[in-house]
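[1] below is the structure, and that's it, no one-letter string:
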């Protein structure tokens, strides 16, 4: 894990903050190598410190590259911070309101995304781990032999997770989606106890050394399904080809969305074109109509257009793109795998 | 799912709030029967409404017992609320700071736990589902045949999840812990790719129709391990026997903790004695030294004392207790299952 504390200290100085409070587990992990299993307060300042829960002390002492102290109470922690001369405190946008309330009387507070911004740009090692996670997930998918089985959605989802773990994943990167027939029009469908119908939509990923992968394939069986599949595939391919550093994220979304709209299905593409991933399955920036973030080398973002016909079926195709001079698809699983 | 909106409206009136904003998925599910898979804003007021993400509209329209409208923007939602005469807005303590910021200029805001308080008291149907989840989890545990296998921690964890799903669970209620040897001193250990050592600590649960179960068993093999096990078992049994409505939660923690302290291991019991569960695996109240909540009939709370000897091993024993006139252990898996 690279250390990015110096960059954050520069950000803090520039914006006139004395410290940055982190409580999101993956942010604490990113900065310290210790992933909390209970609450933790990580304070980035000249001498960074993590206040860890008593039950996590053995783990934190083992893994953290930042000094660890056992959390006693808000009062003790706030007293420490004040004695350290901290007046202006940056927090994460996700900090729960009730935690914010504990700090607001003693510090001037505002939300900052310093860590999210660093996490946008993956190091070569991070990209290697995402690639390995993707390879595990794709290899496992190919072991499924979907066409020759008579299993339920739930059983297929379970087999896929089993293969991923056998192939070296620590776990699935999100609840595996195996859906079929009319349920496939729900973008986040839950696998059911019913035999596979058609089309079959599978959205799955693995975690390898903390890093996530994310792919979707849809297997279609009728002419109408194939027609929709072809539109989604065109949107997927052209969006990926369009990606380059210097563009805005919303411009990639527009490429994908315009193709689907041109075929008359614009109102059936009911989500963003993609999201970043890394230690979390959903990170920023995303290929969405409102995201003005400028694309940079080192970003890793999914492209996953879809068309959802309520009461009929849905089609989604998703790959994860590592951005260098252009967008490079991670993994080599064909879109059309039937 | 019982409807509790009337009670919340009474709470709002009493505290002079005009509406209550819910965004936690299980709170939205509890009140509407629709469990979001993307963001959602549920506003409890005279005419409750859920602003759902476009990608969730089909699901929300299918499942929600509250009116659903498609989310467009904060501006539109805030305009609607103001036109509805809403000035004082209650929020959940967990609301992210960045969401709070969107509302704070237009409304007088404070955090309230109205839903958490209702969720503390389970209905007979909720207790039935928690019981069924526990039965599935315990039956699956007994299928493991731990003593006669030569598997790794990760394989045993995986088998347990597989049995739970085969036995009717929708999924595990949290990342299954199968740990052994010296790693068992980490309360939230992650299963590793190594053959089972001793002792073996397994902390696991199932989800059935949305409701969680939670149990821990530790299998010991040496005299020293047995000695520690006996202390934890005594703490577990006596805390459960002590539970009755009218007591404070912290008093149950004290019963469990005093026994372990009397044997000289007070500083090795590094977490609370227990937590409530239901739609979430961790709910309030908990048997912790600081929780002054008065125990009531209908609460479902775990009792899970533990002793953790860093570098040596850990022992934890956990059951889930349904509280009527007394504390009733859910399920019938013996503590000593070797």
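    Good, I have the coordinates. Treat the numbers as computed from the prediction; the structure is a model and nothing was measured.
[2] CA only for contacts and neighbour counts going forward, please
    Noted.
[3] all helices of chain A, in order?
    A:5-14, A:25-32, A:57-63, A:74-83, A:97-104, A:114-120, A:124-142, A:153-166, A:223-242, A:249-262 (DSSP state H).
[4] closest one to residue B:261 among these?
    helix A:57-63 (19.6 Å; CA to CA).
[5] check whether the closest one comes near chain B.
    Yes: Helix A:57-63 is in contact with chain B by CA under 8 Å from any CA of the partner chain, via A:58-59.
[6] in that helix, what counts as buried?
    A:57-60 (16 or more other CA atoms under 10 Å in any protein chain shown).
[7] who are the packing partners of that helix?
    When contacts are defined as 3 or more CA pairs under 8 Å, 6 or more residues apart in numbering or on different chains; DSSP states H and E, helix A:57-63 sits against strand A:67-70.
[8] the strand it packs on close to chain B?
    No: Strand A:67-70 does not reach chain B (CA under 8 Å from any CA); its nearest approach is 11.2 Å.
[9] residue A:192 contacts residue A:153, doesn't it?
    Yes: the pair residue A:192 / residue A:153 is scored as a contact, 5.4 Å apart, by CA atoms under 8 Å.
[10] looking at the two, which one has more neighbours?
    With neighbours defined as other CA atoms under 10 Å in any protein chain shown, residue A:192 and residue A:153 compare such that residue A:153 has more, 24 against 18.
[11] pull up the gap between residue A:142 and residue A:163, please.
    10 Å (CA to CA, to the nearest Å).
[12] swap in residue A:266?
    36 Å.
[13] between these two, which one's more packed in?
    Comparing residue A:266 with residue A:163 by neighbour count (other CA under 10 Å), the higher total belongs to residue A:163, at 19 against 15.
[14] touching, that one and residue A:140? I think so.
    Yes: counting by CA under 8 Å, residue A:140 is a contact partner of residue A:163 at 5.1 Å.
[15] shared neighbours of those two, anything?
    The contact sets of residue A:163 and residue A:140 do not overlap (CA atoms under 8 Å, 6 or more residues apart in numbering or on different chains).
[16] is stretch A:42-52 in proximity to chain B?
    No: no part of stretch A:42-52 sits near chain B under the criterion CA under 8 Å from any CA; the closest distance found is 12.0 Å.
[17] end-to-end on that stretch?
    8 Å.
[18] so what touches that stretch?
    A:5, A:8-9, A:18-23, A:28, A:36, A:39-41, A:60, A:66-71, A:77.
[19] list the contacts of residue A:39.
    Residue A:39 touches A:23, A:52-53, counting by CA under 8 Å, 6+ apart.
[20] most neighbours out of the residues you listed, which is it?
    residue A:52 (24 neighbours).
[21] how about it: what's its closest non-neighbour residue?
    Of all residues not flanking residue A:52 in the chain, residue A:40 sits nearest, at 4.7 Å (CA to CA, 6 or more residues apart in numbering or on different chains).
[22] correct me, but the one you found touches residue A:53?
    Yes: taking contacts as CA under 8 Å, residue A:40 lies within contact range of residue A:53: 6.2 Å.
[23] check the contact lists of the two and give me the overlap.
    Common neighbours of residue A:40 and residue A:53 (CA under 8 Å, 6+ apart) are residue A:71.
[24] nearest to residue B:246, out of the helices of chain A?
    Among the helices of chain A, helix A:97-104 sits nearest to residue B:246 (CA to CA), with 27.6 Å.
[25] would you turn the helices of chain A into JSON lines with mean pLDDT?
    Shown next, in JSON lines, are the helices of chain A (pLDDT from 0 to 100):
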{"stretch": "helix A:5-14", "mean pLDDT": "95"}
{"stretch": "helix A:25-32", "mean pLDDT": "97"}
{"stretch": "helix A:57-63", "mean pLDDT": "97"}
{"stretch": "helix A:74-83", "mean pLDDT": "97"}
{"stretch": "helix A:97-104", "mean pLDDT": "97"}
{"stretch": "helix A:114-120", "mean pLDDT": "96"}
{"stretch": "helix A:124-142", "mean pLDDT": "98"}
{"stretch": "helix A:153-166", "mean pLDDT": "93"}
{"stretch": "helix A:223-242", "mean pLDDT": "98"}
{"stretch": "helix A:249-262", "mean pLDDT": "98"}
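[26] okay, the ones you listed in a markdown table with distance to residue A:216 next?
    Formatted as a markdown table, the helices of chain A follow (distance: least, CA to CA, whole Å):
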| stretch | distance to residue A:216 |
| --- | --- |
| helix A:5-14 | 35 |
| helix A:25-32 | 24 |
| helix A:57-63 | 34 |
| helix A:74-83 | 44 |
| helix A:97-104 | 35 |
| helix A:114-120 | 22 |
| helix A:124-142 | 10 |
| helix A:153-166 | 13 |
| helix A:223-242 | 11 |
| helix A:249-262 | 16 |
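[27] ok, which of those helices comes nearest residue B:158?
    Of the helices of chain A, nearest to residue B:158 by CA to CA is helix A:153-166, at 7.6 Å.
[28] count the neighbours of residue A:332 for me.
    Neighbours of residue A:332 (other CA under 10 Å): 11.
[29] and for residue A:90?
    Around residue A:90 there are 25 residues (other CA under 10 Å).
[30] OK, contacts around it?
    If a contact means CA under 8 Å, 6+ apart, then residue A:90 has A:12, A:17-21, A:109-112 as its contacts.
[31] which of the contacts of stretch A:42-52 are buried? Put it as a PyMOL command.
    In PyMOL syntax, the buried subset of the contacts of stretch A:42-52 is picked out as below (16+ other CA under 10 Å):
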select buried, chain A and resi 5+8+9+18+19+20+21+22+23+28+36+39+40+41+60+66+68+69+71
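[32] what does the stretch 51-200 of chain A put close to chain B?
    A:54-56, A:58-59, A:92-98, A:100, A:111, A:158, A:162, A:186-188.
[33] distance of the residue lying farthest from the centre of chain A from chain B?
    In chain A, counting by CA atoms, centre = their mean, residue A:83 sits farthest out from the average C-alpha position, at 37.5 Å. According to CA to the nearest CA, to the nearest Å, residue A:83 stands 26 Å off from chain B.
[34] also residue A:326?
    29 Å.
[35] spatially nearest residue to that residue, not counting backbone neighbours?
    Closest to residue A:326 by CA to CA, 6+ apart is residue A:244, at 4.8 Å.
[36] touching, that neighbour and residue A:328? I think so.
    No: contact status for residue A:244 versus residue A:328: not in contact, 10.0 Å apart, counting by CA under 8 Å.
[37] more crowded one of those two?
    Higher neighbour count among residue A:244 and residue A:328: residue A:244, with 20 against 17, using other CA under 10 Å.
[38] wait, what's in contact with the more buried one?
    Contacts of residue A:244 by CA under 8 Å, 6+ apart are A:295-296, A:323-327.
[39] of these, closest to chain B?
    For the contacts of residue A:244, the residue nearest chain B by CA to the nearest CA is residue A:295; the value is 23.7 Å.
[40] tell me how many other residues crowd the closest one.
    Neighbours around residue A:295, by other CA under 10 Å: 26.
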